[in-house]
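> requesting a structural model of the entry that follows:
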Amino acid sequence: MTTTPRTRLSPERRREQLLDLGVRLLAHRSLDELSIDLLAEEAGISRGLLYHYFGSKQAFHEAVVRHAADDLIAQTTPPTDGDPLERLLTSVTAYVDYVVANHEGYVSLVKAAAGGNESLRAIYEDARSALNGRVFREDVHGEIVPDTPANRLVVRGWSAMVEELVLSWIDDPRGVTRADLLAIVTGSLPAIVGVTPGR
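Numbering: from 1, shown residues only. Model (predicted):
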């Protein structure tokens, strides 16, 4: 009988593995419920080893949230080909699916950012800026929205509206289908931009 030799992970790879697990656990629980003890139990390692990798509970939470934000940005990357509004729809669809799949963790991040946690707010704002910035990116197919100060302001407001719409829809769809939601979210951006001066 032979046994498969255990592969020793580098510290960087082990930390990445723990962050992946933290993000999976965060999908269905609030940030406050994501404890060092829970992650240690799920990972089958000691609390001491987790403190070795992250230093403190706060640093652990920040690392997991940063990892989740990076996942959100990666998963909502629009395709490089196609009509600008079709690419927007693809990206928005991925955003809705991400928030649905990671609802508890996403809501807790929004609350933490709004509640004055400066570190988590910075992560939240970085992610939001990355998502919003895609709207102004121009390529051979054109830009979704011309890059002007007024449109930057409008897109920031639109993204806040989208977040509220998606979270409210998850809590109580009231007969609004996923397709309806996506149509509202995608169609509202050109409509709002249409009233900005100097567009």
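> please make it C-alpha for all contacts and neighbour counts, starting now.
Will do.
> which SS class is the spatially most central residue of the chain?
Most central in the chain under Cα atoms, centre = their mean is Leu72, positioned 3.4 Å from the mean C-alpha point. Classification of Leu72 by DSSP: H, G, I helix; E, B strand; the rest coil places it in helix.
> ok, and the closest non-adjacent residue to it?
Once flanking residues are discounted, Leu72 sits nearest to Tyr98: 6.9 Å by Cα to Cα, 6 or more residues apart in numbering.
> so that neighbour is in which element?
helix 84-101 (DSSP states H and E).
> can you list the weak-confidence ranges in this structure?
Across the chain, the ranges flagged by pLDDT under 70 are 1-9, 138-143, 198-199.
> tell me where it has helices.
Assigned helices in the chain, in chain order: 11-26, 36-43, 47-54, 57-75, 84-101, 103-114, 118-133, 149-171, 178-193 (criterion: DSSP state H).
> now the angle from the second one to helix 57-75?
Relative orientation of helix 36-43 with respect to helix 57-75: 60 degrees, computed using axes from the mean of the first three to the mean of the last three Cα atoms, to 10 degrees.
> export helix 36-43 to PDB, keeping only CA atoms.
In PDB, the C-alpha atoms belonging to helix 36-43 read as follows (Å, rounded to 0.1, in the frame of the first residue of the first chain):
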ATOM      1  CA  ILE A  36     -10.400  33.100  13.600                       C
ATOM      2  CA  ASP A  37     -11.800  30.100  15.500                       C
ATOM      3  CA  LEU A  38     -14.200  29.300  12.600                       C
ATOM      4  CA  LEU A  39     -11.500  29.600  10.000                       C
ATOM      5  CA  ALA A  40      -9.100  27.500  12.000                       C
ATOM      6  CA  GLU A  41     -11.700  24.800  12.500                       C
ATOM      7  CA  GLU A  42     -12.600  24.700   8.800                       C
ATOM      8  CA  ALA A  43      -9.000  24.700   7.700                       C
END
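> that one - contacts with which helices or strands?
helix 11-26, helix 47-54 (3 or more Cα pairs under 8 Å, 6 or more residues apart in numbering; DSSP states H and E).
> the same query, at a cut-off of 6 Å, please.
The helices and strands touching helix 36-43, judged by 3 or more Cα pairs under 6 Å, 6 or more residues apart in numbering; DSSP states H and E, number zero.
> neighbours of Gly194, how many?
13 (other Cα atoms under 10 Å).
> distance-wise, check it relative to Gly187.
Distance, Gly194 to Gly187, using Cα to Cα, to the nearest Å: 11 Å.
> and Ala179, how far is that from Lys111?
For Ala179, the distance to Lys111 - Cα to Cα - is 27 Å.
> out of those two, which sits in the busier spot?
Neighbour count, other Cα under 10 Å: between Ala179 and Lys111, Lys111 has more, with 16 against 10.
> what's the spacing between the more buried one and Asp32?
Using Cα to Cα, Lys111 is found at 11 Å from Asp32.
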